[in-house]
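[1] okay, sequence plus prediction incoming.
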Amino acid sequence: MNDFRIRFAGVTKDYGSISVIDNLSLDIKEGEFVSLLGPSGSGKTTLLMMLAGFETVTGGDIIVNGVIVNDLPPHKRDMGVVFQNYALFPHMTVGENVGFPLRMRGINRTEIKKRVARALDMVQLSAQCDRRPTQLSGGQQQRVALARALVFEPRVVLMDEPLGALDKQLREQMQLDIRALHNRLGLTIVFVTHDQSEALTMSDRIAVFNKGKIEQIGSPREIYDRPQTRFVAEFIGETNLLEGRLVSIDGERADVVLEGGVKISVSSSGLSVGQNVLVSVRPERLTLIDSVNKVNSLPVRMVDAVYQGDHLRAELAGENLTLTARLCRSAPERSTGTQVVAYFDPRDCWMIAS
Ligand code: ADP
Ligand code: MG
């Protein structure tokens, strides 16, 4: 009971000579919310469809609860699936749509009625039970699809970009709703998205996909604050990448000489002296100071500053260097062309091999 888990062990998927998933291994714990995040075409849907049983694996094993499920048909996998396009049946009412998986499983009418009512209640659509999907808004249709995936009380729910068609406000509301449902029901959720802020908001762990491989897996904080590769640093949020060479290491600290000759101090993230590196500094970690008086002071010129309501976005240019900074609203105003100094704390950056 406590040991439920999903394990991809060296899973490969080829279409003819094209490799779509490349020897991928991933463990998902009972009750975990894991997002598969990556650009379009990186293999997220393919991996989810193999887990659901709609696609076969070319190599390796998918193991659920200690059992290899490679050849198990979808309805025997005890997984609810919510697809990208809701795939509701237009000729059925909302209630009939939600009850469909139960009818497929041969459950009796009274029981179906009870469970459908419960599932619709869970997504706050009890009042819409007798309507047709076309009479509902996009957000409501999405919740019907969710209720249909939950109605047979699966322990695992797979979702493929379920919120992609919703407008921003509704999408953000649904993100919180799905998270709350996950917490309340203790479900294991595997959630596909190409939206990094969605993945950061919802997940216990994020697996970042690139070309059929997992480039990095970790908590939202690890992925955002300690990207292991350039791809991850650039895909998750916005970042400044400073090119340089690692010249010395002293315990937790390391010194990097940037292309323009300025020496900066960073956390030593397991790289070796002499290596060419990229130092990733998030725009919100930069502040502007008036003179060079600390470590990590980069003389720059204010190229542009745009007021964005909750912050000021500044474009800065220095020796061999351009930076973007998100400055807090109360930062002193500086006009375009002004010479300033960009500063960041050595703990607020992360070094990766270039
Ligand atoms: P994602 O969901 O990350 O956007 P997919 O898993 O849908 O990516 O697709 C990964 C790659 O596999 C893409 O290059 C896509 O063209 C290819 N692909 C997906 N399904 C098929 C198929 N049935 N036949 C051939 N290639 C496919
Ligand atoms: Mg996809």
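    Received the coordinates, thanks. Just so it is clear, the structure is predicted and the values come from calculations on it, not from any experiment. Numbering: from 1, shown residues only. Ligands and ions are numbered 1, 2, ... in the order given.
[2] so what's the closest residue to ligand 1 within the stretch 251-354 of the chain closest to, chain neighbours aside?
    Residue nearest to ligand 1 within the stretch 251-354 of the chain: residue 352 (23.3 Å; C-beta to the nearest ligand atom). Heads up, the C-betas are built off the backbone N, CA and C, glycines and all. In this structure, residue 352 finds its nearest non-sequential neighbour in residue 278, 5.3 Å apart by C-beta to C-beta, 6 or more residues apart in numbering.
[3] residues of this protein that sit close to ligand 1?
    15, 20, 38, 40-46 (C-beta under 6 Å from any ligand atom).
[4] can you redo the residues you listed as JSON lines with neighbour count, pLDDT and secondary structure?
    JSON lines is the format used below for these (neighbours: other C-beta atoms under 10 Å; pLDDT from 0 to 100; DSSP: H, G, I helix; E, B strand; the rest coil):
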{"residue": "15", "neighbour count": "10", "pLDDT": "96", "secondary structure": "strand"}
{"residue": "20", "neighbour count": "19", "pLDDT": "97", "secondary structure": "strand"}
{"residue": "38", "neighbour count": "26", "pLDDT": "97", "secondary structure": "coil"}
{"residue": "40", "neighbour count": "7", "pLDDT": "95", "secondary structure": "coil"}
{"residue": "41", "neighbour count": "13", "pLDDT": "96", "secondary structure": "coil"}
{"residue": "42", "neighbour count": "23", "pLDDT": "97", "secondary structure": "coil"}
{"residue": "43", "neighbour count": "22", "pLDDT": "97", "secondary structure": "coil"}
{"residue": "44", "neighbour count": "25", "pLDDT": "97", "secondary structure": "helix"}
{"residue": "45", "neighbour count": "19", "pLDDT": "96", "secondary structure": "helix"}
{"residue": "46", "neighbour count": "20", "pLDDT": "97", "secondary structure": "helix"}
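[5] nearest to residue 142, of those residues?
    The closest of the residues of the chain next to ligand 1 to residue 142 turns out to be residue 45 (C-beta to C-beta; 17.4 Å).
[6] got a list of what that closest one touches?
    84, 160, 192 (C-beta atoms under 8 Å, 6 or more residues apart in numbering).
[7] and those as TSV, adding neighbour count and pLDDT?
    Compiled in TSV, the contacts of residue 45 are given as follows (neighbours: other C-beta atoms under 10 Å; pLDDT from 0 to 100):
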residue	neighbour count	pLDDT
84	14	77
160	20	95
192	24	97
